[in-house]
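Novice: Return a 3D structure for these sequence lines:
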Amino acid sequence: MNLTLGQKLIRTKTAERHHEGEGGLQRSLGLFPLTMIGVGATIGTGIFFTMVEAVPKAGPAVILSFLLAALTAGLTALCYAELAGRVPAAGSSYSFAYATVGEFAAFIVAACLLLEYGLAGSAVAIGWSDYLNNFLLNAFGWEIPAQLRSPMFVSDHHNVHFTPGNFNLPPVILIAMCCLLLVRGTKESATTNAIMVLVKLAILVFFSVIAFTGFDSANFTPFFSPDKESGYVGMAGVTAAAGTVFFSFIGLDTIATAGEETNNPRRNVPIGILAALLIVTAFYLLVAVAAMGAQPAHMFAGQQAGLSVILQNVTGQAWPALVLSAGAVVSVFSVTLVTIYGQTRILYAISRDGLIPKTFQKVNKRTLAPTSNTVIVCLVVGVVAGLVDATFLWDMVSMGTLTAFIVVSIAVPVIRAKQGKGEPGHFRVPFGPYVIPGLSVCACLYIMKDLSPATFRVFFIWMAVAVATYFLYSVRHSRLNKQ
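Specialist: I've put the predicted structure just below:
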């Protein structure tokens, strides 16, 4: 049957069709490694790096920013948990959108996810370089030469500055190591990630214990940012900072991307999402309170390897900073690894549906990993990390995450209308299909409104590219054309 263009835009895939195709990914993940994937993609970024960006906006009230981001993520996590049980496929919110609101909306969500994961991988790898340099300085008294840890393109709030000869080498090395591990297979990558996450949690507890010895309640006064010139006064600063740190809840989405490689996904994916959210929120609040108590808010601006510097200032000794920098080097490796993993699985799902070239769905017969896909992703992420400054990357990642979360929330009432309440025992969003999803959409929009105008401009340009790609290539090559 020939479909009109309008019918093609809203055609959907059933949950069963998500498993059709040649070859496939191997189910090898249990509940613990799955939860650690979510924690690994989340804890680290918001604490190790974005405090430097968020505290100047919100002041000590950055604690409220983490709470606001966690509340919003929690509302969306409930929506993810239900959809993950109904559509346990690779691709996360892209697959959820394809099963509910149609192909075109799904492709737009996919574009948001590619923006989210790609820039997150680059931004986290860039931040890793600061902690690596801090570790080398404290351990061996040697620093990486400035030209080999500085980007070629640096942005301020108005212009882009070009510095020929600069190249940020450490992030590229990190991404290359992640690439080598990922092409070996999912199970090996997940096991390595779980070990690194446990190291990370231990390091953050270590930081909090020492930082609390230098706790000064005066650092929380004034609680809200008084900087009127920046425009971040009172709750405006809290919301803006929440937008900056929100991308760090990307781990919830990453768990859902692993649905097709999870044992008993209808049970384990919802539990993994909610467990990861609880662990992440507890650690974020613990470290944020400890950091703000140990250091005045004005000192966070422009601070490199911030948590290490706090420990060095509190103790007057180098060894705590050395331990924390070493832990950060290990833990941020896990964030980068899981972020790139999520990107490759989304591309795998889109390619399998025919919306992008088949290269991205080819799976190695021995390792059962999408090797070509992984190499291409790592090359692109590595180039961005080596050449570009991370100044605006954080907000761009948050924009992509918030947009994807909105679509996931909208998908809940749609899939309820199509499938009913679902099978007994499957997780369902409490209070019906409208209350929690509606609150989730409102919370996402509330945070999104205070992102910078530059973020909105770049986002709309990216969306225009995505729309053009869909109409020029994807709509004609969609696998549903052959159904």
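
Novice: Please count neighbours and contacts with C-alpha atoms only from this point.
Specialist: Noted.

Novice: and His246, what is it in contact with?
Specialist: Quick fix: residue 246 reads Phe, not His. Taking Cα atoms under 8 Å, 6 or more residues apart in numbering, we find Phe246 in contact with 46, 66, 69, 398, 401.

Novice: can you pick the most crowded of those residues?
Specialist: Counting neighbours by other Cα atoms under 10 Å, Ser398 comes out on top of the contacts of Phe246 with 29 neighbours.

Novice: Surely that residue touches Glu116?
Specialist: Yes: applying Cα atoms under 8 Å, one finds Ser398 in contact with Glu116, separated by 7.1 Å.

Novice: sorry, back to before: please identify which pair of the contacts of Phe246 lies farthest apart.
Specialist: Phe66 and Thr401 (15.4 Å; Cα to Cα).

Novice: mind checking the SS state of Val363?
Specialist: Under DSSP: H, G, I helix; E, B strand; the rest coil, the three-state class of Val363 is coil.

Novice: Can you tell me, leaving aside adjacent residues, what's nearest to it?
Specialist: Leaving out its chain neighbours, the residue that sits closest to Val363 by Cα to Cα, 6 or more residues apart in numbering is Pro370, at 4.3 Å.

Novice: swap in Gly237?
Specialist: Gly237's closest residue in space is Ala58 (Cα to Cα, 6+ apart), at 4.4 Å.

Novice: What confidence value was assigned to Pro56?
Specialist: Per-residue pLDDT puts Pro56 at 81.

Novice: roughly how far apart are it and Ala240?
Specialist: 10 Å (Cα to Cα, to the nearest Å).

Novice: With Ser398 instead?
Specialist: Taking Cα to Cα, one finds Ser398 at 11 Å from Ala240.

Novice: shared neighbours of these two, which are they?
Specialist: Contacts common to Ser398 and Ala240, judged by Cα under 8 Å, 6+ apart, are absent.

Novice: How about the contacts made by the residue nearest to Val363?
Specialist: 183, 344, 348, 360-364.

Novice: which of those residues tops the neighbour count?
Specialist: Thr344 (31 neighbours).

Novice: pretty sure that residue is touching Asn373, no?
Specialist: Yes: between Thr344 and Asn373 there is a contact under Cα under 8 Å: 6.1 Å.

Novice: joint contacts of those two?
Specialist: In contact with both Thr344 and Asn373: Phe360, using Cα under 8 Å, 6+ apart.

Novice: element containing the residue nearest to Gly237, please.
Specialist: Ala58 is part of helix 51-58, with elements assigned from DSSP states H and E.

Novice: Measure how the helix or strand just after that helix sits relative to helix 51-58, angle-wise.
Specialist: Following helix 51-58 in sequence order, the next helix or strand is helix 62-86 (DSSP H and E). Angle between the axes of helix 62-86 and helix 51-58 is 120 degrees (criterion: axes from the mean of the first three to the mean of the last three Cα atoms, to 10 degrees).

Novice: one step back: list the contacts of the helix holding Ala58.
Specialist: The contact list for helix 51-58, computed with Cα under 8 Å, 6+ apart, reads 61-62, 65, 224-225, 230, 232-238, 240-242, 244-245, 297-298, 300-304, 306.

Novice: contacting residues around the closest residue to Val289 other than its chain neighbours?
Specialist: Among residues not flanking Val289 along the chain, Ile63 sits closest, at 6.9 Å (Cα to Cα, 6+ apart). By Cα under 8 Å, 6+ apart, Ile63 lies in contact with 285, 288-289.

Novice: same thing with Ala70?
Specialist: Residues in contact with Ala70 (Cα under 8 Å, 6+ apart) are 249, 277, 281.

Novice: Helices - which of the residues you listed land there?
Specialist: 277, 281 (DSSP state H).

Novice: By neighbour count, which of the contacts of Ala70 wins?
Specialist: Within the contacts of Ala70, most neighbours by other Cα under 10 Å means Phe249, with 29 neighbours.

Novice: correct me, but that one touches Thr42?
Specialist: Yes: with contact defined as Cα under 8 Å, Phe249 and Thr42 form a contacting pair (5.4 Å).

Novice: show me where pLDDT drops low in the stretch 351-483 of the chain?
Specialist: Counting by pLDDT under 70, the stretch 351-483 of the chain has low-confidence residues at 391-392, 421-425, 483.

Novice: how about the helices in it?
Specialist: Remark: helices assigned in the stretch 351-483 of the chain by DSSP state H, counting those that start in this stretch are 371-387, 393-419, 435-448, 453-469, 475-477.

Novice: Just say which of those helices is most tucked in.
Specialist: helix 393-419 (a mean of 23; mean count of other Cα atoms under 10 Å).

Novice: hmm, back to that, list just the nearest of the contacts of Phe246 to Thr336.
Specialist: Checking the contacts of Phe246 against Thr336 by Cα to Cα gives Gly46 as the nearest, at 13.2 Å.

Novice: Strands of the protein, start to end?
Specialist: Using DSSP state E, the strands of the chain run over 153-155, 160-162.

Novice: what pLDDT, on average, does the first one get?
Specialist: If I follow you right, that is strand 153-155. For strand 153-155, mean pLDDT is 69.

Novice: gap between Pro413 and Tyr80?
Specialist: Counting by Cα to Cα, the gap from Pro413 to Tyr80 is 12 Å.

Novice: The closest residue to Met36 other than its chain neighbours - how many residues pack around it?
Specialist: Excluding its sequence neighbours, the residue lying closest to Met36 (Cα to Cα, 6+ apart) is Ala194, at 5.4 Å. Neighbourhood size, Ala194 [other Cα under 10 Å]: 21.

Novice: any idea which of the contacts of Pro370 is the one closest to Ser150?
Specialist: Closest to Ser150, out of all of these and judged by Cα to Cα, is Thr344, at 27.3 Å.

Novice: Now do the contacts for that closest one.
Specialist: The neighbours of Thr344, taking Cα under 8 Å, 6+ apart as the test, are 360, 370, 373-374, 377.

Novice: just Val397 next, same as before
Specialist: 115-117, 119-120, 247.

Novice: Let me know the pLDDT of Pro296.
Specialist: Predicted confidence (pLDDT) for Pro296: 85.

Novice: Can you report how many residues neighbour it?
Specialist: 18.

Novice: Would you check that it makes contact with Thr221?
Specialist: No: using Cα under 8 Å, Pro296 is not in contact with Thr221; the gap is 9.2 Å.

Novice: Redo the helices of the stretch 351-483 of the chain as JSON lines? Include distance to Leu3.
Specialist: Listed next are the helices of the stretch 351-483 of the chain as JSON lines, based on distance: least, Cα to Cα, whole Å:
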{"stretch": "helix 371-387", "distance to Leu3": "31"}
{"stretch": "helix 393-419", "distance to Leu3": "21"}
{"stretch": "helix 435-448", "distance to Leu3": "32"}
{"stretch": "helix 453-469", "distance to Leu3": "19"}
{"stretch": "helix 475-477", "distance to Leu3": "11"}
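
Novice: I'd like to know which of the ones you listed is closest to Leu136.
Specialist: Of all those, it is helix 371-387 that lies closest to Leu136, at 19.6 Å by Cα to Cα.

Novice: which residues are contacting that closest one?
Specialist: So helix 371-387 is in contact with 118-119, 121-123, 125-126, 151-153, 166-169, 171-172, 175-176, 179, 182-183, 340-341, 343-344, 347-348, 359-364, going by Cα under 8 Å, 6+ apart.
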